[in-house]
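Student: need a 3D model of the following:
(chains A and B)
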Amino acid sequence: MAVRRGEVHALLGANGAGKSTLVKILAGVHPADHGVVHVDGRPISFQDPMDAMNVGISTVFQDPALIPDLTVRQNLQLSDIDEAAFTPWLTWFELEDLDLDALVRDLPLETLRMVDLGRALARDPQVLLLDEITAALTADQAERVFALLTEWREKGRAAVLITHRLAEVRRICDRATILRDGRNVALFEPNASPDATNGAATGTMFDVDEHDLVEAMLGAEVTELEERNESDSLSPHQPGSRSASDEVAFSVRGLTSGDVVRDVSFELRRGEILGLVALEGQGQERLFSLLSGDRSPSDGEIFVGGRQRRWSAPYDAVGDGVVLIPGDRLLALLPNLPVRQNLVVPLFSRIRQWLGLPADERQRVRNAIDRLSIDTRAASQVRRLSGGNQQKVAIGRWLVAGFRTLLCFDPTRGIDVQTKRETYALLRELAASGAAILLYTSELAEIPLVCDRVLIMHDGRFVEEQDAARATESSLLTAAHGLEVPA
Amino acid sequence: MMTALRSAGVALWRTGLARNTWTLGVWLLLSALLLWYATLIPVFGQFQVTSISKNSLPLVYLAIGQAIIVIAGGIDLSLGALLLLTNALAARFMDDQPFAMVLFIAIVLIAGLGILNALVGYIISVSGVPDIVVTLATGYIWSGFALWILPSPGGGTAPEFRWLFTGAQSGIGGTYVMPILMMAVPAILVFLLSRHTRLGLSIYAIGSDSVAARLAGLDVRRAKISSYAIGGAMAALAGLATVALTGTGDPRFSVGANATLNSVAAVVLGGVALVGGTGLVLGAVAAGVILIMLNPILSAMGIDPNNAQIIQGLLIAGVMMVGGLVTLLRERSA
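Tutor: Take a look at the predicted model:
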């Protein structure tokens, strides 16, 4: 990958494609295992972020690199930045009223992004790396950033822009590099793109079909997966085999939490697996913490079996039969305790069982282990199990305790194919026996295999519903980018 | 124009006060206790002020050092042992020496212990072993060295050196000017260093969010090591103060262990959160004096000194709970 002077270079890719990791290498945060970074033709090796700044690479990371307990002024002082070089950028971003003595902790996220960007600019860098800079910004703030990038290009400086918003790429980027699974798979250039006649004429206009970009992010894998699916034992189930009933087990109406989750409504029926698809940071984490009772919504209602519920802690939700399997498995488990104790934890919320478990519940624990075929060779400490087996324990705990609605947050992240299939088979089986399941997954290819319906979330809202059996990876990814799906 | 300036000044004061309510609260508590103490005993004058201020010196120094280390996100359980080590070294080598030589030894000890503890900070940041484990271990080592240097209580120092910390060459009576000066000067220096220099702000930064600090291009390791160096130097000052107060050296292990725990108590009471990144050194100073003042106050009230520890524990727990409640209420109303 090469970034030229006077260009805005887009870096694109699906979740987990390695964009942020690449940026961290370029910024000197992580050392590269192999390969060399050249700046102005000279090979450079970075030991830490300061080295990258010294050769003119300034970065705005996905998470603000500002110290929460210090004021804006102190943060500038720390980075050895002259206020006189910084304040013009605040004016540019229409933040001239910002109190430099305000604590970073008290400022809203979008302001922090602008402060972070202003600080990066105040270093007067040659190359600007922007990781998801527009994700937290309001529309007019984003406009200011685009205006800046246009001017930046004219000054002959370079910028790398990571974004999930493809419309931005069209508008302001000169070229685009697509990453997939950590590899550089495609480079879109004005004169190489399919309908580049306009682009080549003006020399700066980047004119490429957004759907082509989406295809490139997915790449050849689409066809590979489709082939695999055909020979897969877990083929898309037939319409007749659906276990969904008409009985609504769990529903929410107008659920809102700040700006992160906005006016979300859905119904989850018994025996149904409802898929949820979203790009990173579209509010899905917050939605799950609302649904599991970990956080109270600022507005909206949650109904279980038709009755409105107000929860103050997950304990209440579990009492209503709504249980969560969180994305971070170790968060759900007690890593230093054996499998058996992990499985029985929820039972101990009933006081009469503090002294010991009755025989029938011992039996239930054994049944759960057998049913999930948990590998108990390393059973003395859950943290020593493989990721897949840990996931099984996290699910198995609720098999023992009993539940009616299961919320799964990316249950197959980082586990092997075999366990993945077992997990999905188990989820289908649970649904068939009457459970209602909400499944968020980052593996789009698996949606048609497991889900009945799929909802797409973008920017805190549900933007679309698709029939899972007919959903394809590209239709899902297109919708997840907030684009219209072509008919 | 003038009114605008004044209202801006008032606003600045207000945010300053709102942000440092805890520090302010601890100082108010100290003033209230002082007033109360003054009414409890028949005569309150120079003698009492001198006695409180000089007796607070060792703990205040340790609290300042501990505060800086805790703000940087660490904790140092060896500060009491470093105090013992300095105490033993000073009492042994200052005995029968002229004042100039004693001063020279004092400066060497402050610098030396700063470097020694910087080395501990370096070991912590390189090895990745938690601060609490490394400093627990080094604490035993320094206590052992102290016993080796001064196997039994003894030694001494120059009368002028005693005057420096206590205001009297005999260590008894004297004016309160010297002890208050000896408390205020290091406290204000470290406070200014911590809030108004890049090094000080880096120390706050790594304690607040070390990932963000690294991304912002700070040298996280250097800030950590510096915090330990300051802690070591302050522990050396505390050791010197004990020699000046008692006129001899005393390497008993329990003295050091108590001093360490008291320094942590003063830091917590002073509003420096144990998670790091917040609080002011000045709060720990006031809290240190409060903890020392409890003893004379309780004896003036006729309470058995053996029960003083219970009161001390209740005070810490009570203040922390009130503080937690205030924070909670403020978050609710915001």
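
Student: and the nearest residue to B:Phe191 once chain neighbours are set aside, what is it in contact with?
Tutor: Leaving aside its chain neighbours, B:Phe191 sits nearest to B:Val281 (4.6 Å; criterion: CB to CB, 6 or more residues apart in numbering or on different chains). Yep, even glycine has a C-beta here, placed from its N, CA and C like the rest. If you count contacts by CB atoms under 8 Å, 6 or more residues apart in numbering or on different chains, B:Val281 has them with B:Ile64, B:Ala67, B:Ile68, B:Ile71, B:Ala187, B:Val190, B:Phe191, B:Ser194, B:Val272.

Student: which one of those residues is nearest chain A?
Tutor: Nearest to chain A among the contacts of B:Val281: B:Ile71, at 9.3 Å, using CB to the nearest CB.

Student: I figured the closest one was touching B:Gly271, is that so?
Tutor: No. Assessed by CB atoms under 8 Å, B:Ile71 is found out of contact with B:Gly271, at 10.9 Å.

Student: can you give me the distance of the residue nearest to B:Phe191 to A:Ile395?
Tutor: For B:Val281, the distance to A:Ile395 (CB to CB, to the nearest Å) stands at 50 Å.

Student: over to A:Ile81?
Tutor: Distance of A:Ile81 to A:Ile395, computed by CB to CB: 50 Å.

Student: and the residue in the stretch 301-450 of chain A positioned nearest to chain B, what does it touch?
Tutor: Residue nearest to chain B within the stretch 301-450 of chain A: A:Ser312 (14.5 Å; CB to the nearest CB). Contacts for A:Ser312 were tallied using CB under 8 Å, 6+ apart; they are A:Gly293, A:Ser296.

Student: please identify the helix or strand for it.
Tutor: Using DSSP states H and E, A:Ser312 is not contained in any helix or strand.

Student: same question for A:Val214.
Tutor: In this assignment (DSSP H and E), A:Val214 forms part of helix A:210-218.

Student: how distant is that helix from the center of its chain?
Tutor: Relative to its chain's centre, helix A:210-218 lies at 19 Å (CA atoms, centre = their mean, to the nearest Å).

Student: ok, now stretch B:80-88?
Tutor: On CA atoms, centre = their mean, the centre of stretch B:80-88 falls 14 Å from the chain's centre.

Student: just stretch A:333-340 next, same as before
Tutor: On the basis of CA atoms, centre = their mean, stretch A:333-340 sits 27 Å off its chain's mean C-alpha point.

Student: buried set for it?
Tutor: For stretch A:333-340, burial by neighbour count (16 or more other CB atoms under 10 Å in any protein chain shown) applies to A:Leu333, A:Val339, A:Arg340.

Student: do the same with stretch B:136-149
Tutor: Buried residues in stretch B:136-149, counted by 16+ other CB under 10 Å: B:Leu136, B:Thr138, B:Gly139, B:Trp142, B:Ser143, B:Phe145, B:Ala146, B:Ile149.

Student: enumerate the residues of the stretch 51-200 of chain A near chain B.
Tutor: A:53, A:59, A:61, A:63-70, A:74-75, A:77-80, A:101, A:103 (CB under 8 Å from any CB of the partner chain).

Student: just the buried residues of the residues you listed.
Tutor: A:53, A:59, A:61, A:63-70, A:74-75, A:77-79, A:103.
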